[in-house]
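**Q** sharing a sequence plus its predicted fold:
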Amino acid sequence: MLKKISLITLLLLTEIVFAQVSPSTQRYRNDEYGNIQYRREGVMDGNQIRTLFYNNGEVGQWPYQPSGEWPKGTGHSYLDGVAVLISTELTAPGTGTIVHPLQTSYREWMDKDPVTGEIWGFEPLPGYNSPSSKRPSINTDPLTWPSNWPAALDLTPEWDKNWYGYFGRGVLNSEFETFFVMDDSKDKEYMRNPFFFYPIAADTNRGGLGLRVEVRGFQWSQVLAQDIIFWHYDIVTISDYNYPKTVFGFYTDCGVGGTDDSEDDNASFDLIADLAYCYDDNGLGLPDNWKTGYYGYAYLESPGNGIDAIDNDQDGMIDEKRDDGIDNDRDWLPYLDINGNGKWDADQNEPLNNDVGKDGVGPFDRQYTGPDQGEGDGVVTDGEPNFDKTDKDESDQIGLTALSIYRLGQGVTGGGWAKDDEPMWNRMVAGSFDTSLQRANISMVFASGPFPLQQGTRERFSMSLLFGEDLNDILFNKETVQQIYNANYNFQNHQLNRN
């Protein structure tokens with residue numbers, strides 16, 4: 001029987017061992033593995049929210065403070081911990097059975113190697129912050145940046161000693177921006193007997209699903225965004241496999257009202273707003289009975305399904321993608337050829353519009369050093385505004401599809417902790433909504449999916465951690481932040497009035 005299983009495993013691996021991968025995928029594979037020794041802690045305090053965050057994807061950490069403090073300076077705490085969750089469905093080569101590996105990282109109840117005690121979960125990669133820094137890379141602190149950004153990012157030398165900004169090389173247009181990378185290489189659970197699953201056949205030391213997650217967090221103090229943290233997560237599949245049925249979401253330990261006020265938390269959701277939120281039952285926090293508000297997570301851009309022939313986000317486009325090399329919504333603007341000579345003339349002050357080249361930087365940007373690849377050539381180039389990865393509307397978004405509320409600690413017997421792969425999959429699978437438990441010390445899991453995670457591709461999803469005085473206020477903030485995000489964080493001339 002063992003020989004038969006080994007033969008099946010060998011045949012399966014033989015089918016993929018010679019698979020060709022793109023140069024970008026190979027660069028990602030060449031990065032060092034994530035490791036717990038590279039974990040770093042930081043504090044986000046760029047607007048009215050102040051909170052601990054970690055480069056393994058966690059936000060807040062009970063009992064330490066600040067964990068979701070809002071407004072900043074009050075000491076009023078709203079959350080006890082948040083963790084990223086990614087799960088998928090696959091057939092284990094060794095058993096032929098369907099399993100649902102869960103990739104995450106949290107402060108407690110994680111799977112561990114029974115011999116070494118090594119934690120099986122997401123860990124940060126080295127090279128994306130200064131080795132001497134005790135914090136992740138932060139835009140306003142050059143001492144946290146690496147001297148040279150890793151080769152996996154495929155940057156030109158001009159980026160070295162400059163901030164690796166979302167808006168371009170050295171662009172610091174937000175009060176707070178952080179960037180880090182984590183992977184699931186340390187999760188060896190399904191490599192073992194009897195599963196024998198290796199995400200990359202040629203790399204028998206790499207566990208997990210072969211996922212690389214690039215993470216950015218932003219804060220603006222501008223009044224319309226002062227109660228919001230923006231989070232971007234780019235999942236890159238460096239595995240030999242495709243994962244057609246994947247879900248993405250969060251685990252959160254609601255803590256509205258402080259760590260001493262945990263037995264009367266409530267939670268719910270709004271499908272129209274793609275929002276999951278928590279609040280206190282009696283509206284009073286401890287100590288001092290301060291008036292509590294609401295906090296929640298909302299999908300601003302969710303993983304897309306570009307192969308189901310359905311207009312999932314009801315935007316008039318079907319199966320649009322952010323990596324197909326097509327300006328699906330046709331909003332990319334080339335340079336303006338004022339004199340009609342068929343080329344861009346910088347000396348004639350012809351506007352470049354979106355035609356600024358691969359680095360996303362044009363002549364009127366402070367960090368501009370000269371023309372780069374694709375600048376002023378009249379055709380779209382990867383990295384330019386309003387095209388593929390920089391244009392969220394080029395994704396057929398799915399939104400919030402599942403939510404489960406249960407008593408904190410139920411995971412010990414009821415399958416609600418990060419180590420509980422199959423029960424957590426059942427909580428995250430599309431169409432599962434359970435809000436029956438209220439007024440308790442609760443945990444909440446919510447997710448989006450299923451969506452296809454294809455080998456060698458990148459899926460972007462963007463979240464907002466947002467706060468409000470009451471339900472109407474947090475819904476207003478979600479509407480506002482969605483418009484800001486859709487406008488690529490352009491706050492100019494953005495006016496909303498409360499009804």
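**A** Thanks, I have the structure now. Residues are numbered from 1 along each chain as shown.
**Q** switch to C-alpha atoms for all contacts and neighbour counts from now on
**A** Noted.
**Q** surely residue 182 and residue 124 touch.
**A** Yes - applying CA atoms under 8 Å as the test, residue 182 and residue 124 come out as touching, 4.0 Å apart.
**Q** list residues touching both of these two?
**A** Both residue 182 and residue 124 are in contact with 34, 55, 56, where contact means CA atoms under 8 Å, 6 or more residues apart in numbering.
**Q** wait, which of those residues is closest to residue 116?
**A** residue 34 (16.9 Å; CA to CA).
**Q** confirm that the closest one sits in a strand.
**A** No - counting by DSSP: H, G, I helix; E, B strand; the rest coil, residue 34 is not found in a strand; it is coil.
**Q** surely it and residue 206 touch.
**A** No - the pair residue 34 / residue 206 is not scored as a contact, 10.1 Å apart, by CA under 8 Å.
**Q** give me the common contacts of those two.
**A** The contact sets of residue 34 and residue 206 overlap at 185, 186 (CA under 8 Å, 6+ apart).
**Q** okay, now the unreliable bits of the protein?
**A** Along the chain, segments meeting pLDDT under 70 span 1-19, 303-307, 311-314, 366, 392, 395-397, 410-413, 491-499.
**Q** could you redo the last one with a cut-off of 50?
**A** Counting by pLDDT under 50, the chain contains low-confidence residues at 1-18, 493-499.
**Q** outline the domain layout of it.
**A** Domain assignment for the chain by automatic domain parsing gives 2-304+397-486, 332-385.
**Q** quick check: which of the ones you listed is nearest to residue 322?
**A** domain 2-304+397-486 (7.9 Å).
**Q** for residue 400, give its distance to residue 416.
**A** Using CA to CA, to the nearest Å, we find residue 400 at a distance of 19 Å from residue 416.
**Q** ugh, typo on my part, it should be residue 60
**A** 19 Å.
**Q** swap in residue 110?
**A** From residue 110 to residue 416 the distance is 11 Å (CA to CA).
**Q** please say which of these two ends up with more neighbours.
**A** residue 416 (27 against 16; other CA atoms under 10 Å).
**Q** against residue 83, how distant is the more buried one?
**A** From residue 416 to residue 83 the distance is 13 Å (CA to CA).
**Q** repeat that for residue 202.
**A** Distance from residue 202 to residue 83, by CA to CA: 30 Å.
**Q** same thing with residue 217?
**A** Distance of residue 217 to residue 83, given as CA to CA: 14 Å.
**Q** kindly report the same for residue 183.
**A** In terms of CA to CA, residue 183 sits 14 Å off from residue 83.
**Q** equivalent analysis for residue 23, please.
**A** 31 Å.
**Q** who's more crowded, these two?
**A** Comparing residue 23 with residue 83 by other CA under 10 Å, the one with more neighbours is residue 83, at 21 against 12.
**Q** and the helix or strand harbouring that one, what does it pack against?
**A** Residue 83 is located in strand 79-88, with elements delineated by DSSP states H and E. When contacts are defined as 3 or more CA pairs under 8 Å, 6 or more residues apart in numbering; DSSP states H and E, strand 79-88 sits against strand 59-61, strand 102-103, strand 243-254.
**Q** pull out the buried positions in stretch 399-418.
**A** With burial defined by 16 or more other CA atoms under 10 Å, the residues of stretch 399-418 counted as buried are 399-408, 411, 415-418.
**Q** now do the end-to-end distance for it.
**A** 22 Å.
**Q** what about the residue nearest to residue 469 when sequence neighbours are not counted, how many residues nearby?
**A** Nearest non-adjacent residue to residue 469, counting by CA to CA, 6 or more residues apart in numbering: residue 293, 4.3 Å away. Here the number of neighbours of residue 293 (other CA under 10 Å) works out to 23.
**Q** quickly note the distance from residue 293 to residue 182.
**A** Taking CA to CA, one finds residue 293 at 32 Å from residue 182.
**Q** who's in contact with the nearest residue to residue 356 once chain neighbours are set aside?
**A** Among residues not flanking residue 356 along the chain, residue 375 sits closest, at 4.6 Å (CA to CA, 6+ apart). By CA under 8 Å, 6+ apart, the contact set of residue 375 is 355, 356, 357, 358.
**Q** from those, which ones fall inside helices?
**A** The subset of the contacts of residue 375 located in helices under the criterion DSSP state H is empty.
**Q** and those, which is closest to residue 365?
**A** So of those, ranked by how close each gets to residue 365 (CA to CA), first place is residue 356, at 10.4 Å.
**Q** what's the neighbour count on that closest one?
**A** 27.
**Q** what's near enough to touch the residue nearest the centre of the chain?
**A** Most central in the chain under CA atoms, centre = their mean is residue 233, positioned 2.0 Å from the mean C-alpha point. Listed by CA under 8 Å, 6+ apart, the contact set of residue 233 reads 213, 214, 215, 216, 460, 461, 462.
**Q** once you drop chain neighbours, what's closest to it?
**A** Closest to residue 233 by CA to CA, 6+ apart is residue 215, at 4.7 Å.
**Q** now do the contacts for residue 345.
**A** Here residue 345 is in contact with residue 337 (criterion: CA under 8 Å, 6+ apart).
**Q** next, it: phi, psi?
**A** phi -120, psi 100 (degrees, to the nearest 10).
**Q** check residue 483 too.
**A** Given degrees, to the nearest 10, the pair of backbone angles that residue 483 has is phi -70, psi -40.
**Q** same deal with residue 143?
**A** Residue torsions, per degrees, to the nearest 10, at residue 143 are phi -70, psi -10.
**Q** which helix or strand contains residue 24?
**A** helix 23-30.
**Q** got the buried residues for that helix?
**A** So, applying 16+ other CA under 10 Å, buried residues of helix 23-30: 24, 25, 28, 29.
**Q** contacting residues around the second one?
**A** By CA under 8 Å, 6+ apart, the residues touching residue 25 are 238, 456.
**Q** quick one: the helices in this structure, in order.
**A** 2-17, 23-30, 411-414, 421-428, 471-486.
**Q** tabulate the CA atom coordinates of the fourth one in PDB.
**A** C-alpha atoms of helix 421-428 as PDB (Å, rounded to 0.1, in the frame of the first residue of the first chain):
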ATOM      1  CA  ASP A 421      -8.400  23.900   9.300                       C
ATOM      2  CA  GLU A 422     -11.600  22.100   8.500                       C
ATOM      3  CA  PRO A 423     -13.900  23.800  10.900                       C
ATOM      4  CA  MET A 424     -12.600  27.200   9.900                       C
ATOM      5  CA  TRP A 425     -13.100  26.400   6.300                       C
ATOM      6  CA  ASN A 426     -16.700  25.600   7.100                       C
ATOM      7  CA  ARG A 427     -17.100  29.100   8.800                       C
ATOM      8  CA  MET A 428     -15.500  30.800   5.700                       C
END
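**Q** list the residues that contact the nearest residue to residue 434 once chain neighbours are set aside.
**A** Nearest non-adjacent residue to residue 434, counting by CA to CA, 6+ apart: residue 404, 4.8 Å away. By CA under 8 Å, 6+ apart, the residues touching residue 404 are 427, 428, 432, 433, 434, 435, 444, 445, 446.
**Q** how much space between residue 404 and residue 475?
**A** For residue 404, the distance to residue 475 equals 20 Å [CA to CA].
**Q** what bridges to the residue lying closest to residue 435 once chain neighbours are set aside?
**A** Distances taken as CA to CA, 6+ apart place residue 405 nearest to residue 435, at 5.4 Å, with adjacent residues excluded. Beta-bridge pairing for residue 405 (DSSP bridges): residue 444.
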